[in-house]
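**Student:** turn this into a model:
(chains A and B)
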Amino acid sequence: MSLLTQQQRLQLCRLLEEGLPLAPRPYLLLAQQLGAEEQAVLAQVQSWQDEGLFRRVGLVLRHRGLGFAANAMLVLDVPDALVDELGDRLGKVDGINLCYRRPRRLPQWPYNLFCMIHGRQREQVSAWIEALLRREGLAQLPHRLLFSTRAFKQCGGRYAAAPEVAHG
Amino acid sequence: MDAIQQALCQHFQHGMPLCAEPYRAMAETIGSSEAQVLDALQRLQRDGGLSRIGPVFEHSRAGASTLVALAVPEALLERVAERISQYPEVNHNYLREHAYNLWFVLTGPDRARIDQVLDEIAADTGLQPLDLPMQRAYRIDLGFPLAGNPVAGHPQSKAAPGDTP
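**Tutor:** Numbers count the residues shown, from 1 in each chain, chains lettered A, B, ... in the order given. This next block holds a predicted model:
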């Protein structure tokens, strides 16, 4: 079995970012586009997986398309000494999909802890978050709830340096 | 969503078989046929619930990324949003309710490329972007719980927000 060239690996990376073809032999279709063997493509993907290049492999869903239209970004201004402890705590709460620390940008942006919450209805999501903050004793921390009202573009991250790649 | 689609979402958001015929293997796991699995996924994609299938790359290993916000005057919003979406490095471009109203993720092969795009965006729009790279992840996106989502409940369930843990 021949290995992929550097160029084929880059091209495979781009094709995978577009998604696996929905056909019985998806890797064979990718291999044909690369001019490679199916087994070489499978071996490459397996090796990337083993190296930890993928966060996960599977279905990538669209919240909005599934009726989860209320998407809130909760941002909090947490004292630096407490942010890790609080982030760990909030990160374990079911219903919080992402929990990240990011830098403040003073004076415009004072918030350093970000959580994403998805729900079907806005009122329900707001009430759930406010109840969570009260329960955790955090309601007095400066915080804001930024609902998304429109998606202009939604697709997965693209890491291959390829300005010419088309986007859906 | 039908039963097969629900089973697929439940079993295969965090992982799927890596083999020549993954859809056949998935069908075996959920007691279905390969044709039914492919049909269910195609319908889910057509109806807008499925973005794609395959790997989600690990940011820190696969390149650089940052969250960016712009405070766009209302009158310029459509034009700026469209311009931002045209950048191949941009994904998840959303309008949010805040003075910083346009939020998107920039990804690139390295931080130098991110800085370059940030400069281009500033020059392009005349707006100063907020650059908010992730410093630490306490919880990463591991897929989305459809059943038993504590915020939303099930569409048919009567659970009130107060019922959630």
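
**Student:** I'd say residue A:105 and residue B:128 touch.
**Tutor:** No: contact criterion C-beta atoms under 8 Å: residue A:105 and residue B:128 do not qualify, at 9.8 Å. From N, CA and C alone the C-beta is placed, and that goes for glycine too.

**Student:** what's the following helix or strand after the worst-scoring helix or strand of chain B on mean pLDDT?
**Tutor:** Least confident helix or strand, chain B: helix B:59-62 with a mean of 61, by mean pLDDT, DSSP states H and E. Moving toward the C-terminus from helix B:59-62, the next helix or strand (DSSP states H and E) is strand B:64-70.

**Student:** quickly note the distance from residue B:12 to residue B:22.
**Tutor:** Distance check for residue B:12 against residue B:22: by C-beta to C-beta, to the nearest Å, it reads 9 Å.

**Student:** whoops, I mixed them up, residue A:74
**Tutor:** 36 Å.

**Student:** between those two, point out the one with more neighbours.
**Tutor:** It is residue B:22, of residue A:74 and residue B:22, that has more neighbours when counted by other C-beta atoms under 10 Å in any protein chain shown, with 24 against 21.

**Student:** correct me, but the more buried one touches residue A:21?
**Tutor:** No: using C-beta under 8 Å, residue B:22 is not in contact with residue A:21; the gap is 10.7 Å.

**Student:** nearest residue to the middle of chain B?
**Tutor:** residue B:92 (6.6 Å; C-alpha atoms, centre = their mean).

**Student:** name the helix or strand for it, please.
**Tutor:** strand B:90-96.

**Student:** related to what we said a few turns ago, okay, residue A:105 and residue B:128: which has more neighbours?
**Tutor:** More neighbours surround residue A:105 than the other of residue A:105 and residue B:128, with 17 against 13 (other C-beta under 10 Å).

**Student:** the closest residue in space to that one that isn't next to it in sequence and residue B:99: what is the separation?
**Tutor:** Among residues not flanking residue A:105 along the chain, residue B:130 sits closest, at 5.3 Å (C-beta to C-beta, 6 or more residues apart in numbering or on different chains). Separation of residue B:130 from residue B:99 (C-beta to C-beta): 11 Å.

**Student:** and residue A:67, by the same measure?
**Tutor:** 29 Å.

**Student:** the residue nearest to residue B:29 when sequence neighbours are not counted: neighbour count?
**Tutor:** Nearest residue to residue B:29, sequence neighbours excluded (C-beta to C-beta, 6+ apart): residue B:11, at 6.1 Å. For residue B:11, the neighbour count with other C-beta under 10 Å is 15.

**Student:** and what of the one 5 residues further on?
**Tutor:** Residues near residue B:16, counting by other C-beta under 10 Å, number 22.

**Student:** so it, which of the three states?
**Tutor:** With DSSP: H, G, I helix; E, B strand; the rest coil as the basis, residue B:16 sits in coil.

**Student:** that one and residue A:56 touch, don't they?
**Tutor:** No: contact between residue B:16 and residue A:56 fails when scored by C-beta under 8 Å: they sit 9.2 Å apart.

**Student:** any idea of the mean pLDDT in the lengthiest strand in chain A?
**Tutor:** Of all the segments of type strand in chain A, defined by DSSP state E, the longest one is strand A:143-153. Averaged across strand A:143-153, pLDDT comes to 91.

**Student:** next: stretch A:41-58.
**Tutor:** On average, the pLDDT along stretch A:41-58 is 91.

**Student:** got the end-to-end distance for that stretch?
**Tutor:** Start and end residues of stretch A:41-58 are separated by 17 Å (C-alpha to C-alpha, to the nearest Å).

**Student:** which parts of chain B are strands?
**Tutor:** Using DSSP E, strands in chain B cover B:50-57, B:64-70, B:90-96, B:102-108, B:130-132, B:136-139.

**Student:** check chain A too.
**Tutor:** For chain A, applying DSSP E gives strands covering A:54-61, A:70-76, A:96-101, A:113-119, A:143-153.

**Student:** mind listing what the residue nearest to residue B:29 touches?
**Tutor:** Residue B:11 makes contact with B:26, B:29-30, according to C-beta atoms under 8 Å, 6 or more residues apart in numbering or on different chains.

**Student:** export the strands of chain A to a markdown table and append columns for distance to chain B.
**Tutor:** Below are the strands of chain A laid out as a markdown table (distance: least, C-beta to the nearest C-beta, whole Å):
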| stretch | distance to chain B |
| --- | --- |
| strand A:54-61 | 4 |
| strand A:70-76 | 7 |
| strand A:96-101 | 4 |
| strand A:113-119 | 4 |
| strand A:143-153 | 4 |
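
**Student:** what's the most buried one of those strands?
**Tutor:** Among those, strand A:113-119 has the highest mean neighbour count (mean count of other C-beta atoms under 10 Å in any protein chain shown), at a mean of 23.

**Student:** got the buried residues for the longest helix along chain B?
**Tutor:** Secondary structure of chain B per DSSP state H: the longest helix is helix B:111-125. Buried positions in helix B:111-125, judged by neighbour count with 16 or more other C-beta atoms under 10 Å in any protein chain shown: B:113-114, B:117-118, B:121, B:125.

**Student:** equivalent analysis for stretch B:10-17, please.
**Tutor:** B:12-13, B:16-17.

**Student:** now, the most widely separated pair of those?
**Tutor:** The two members of those with the most space between them (C-beta to C-beta) are B:13 and B:17, at 13.7 Å.

**Student:** right, I'll leave it there.
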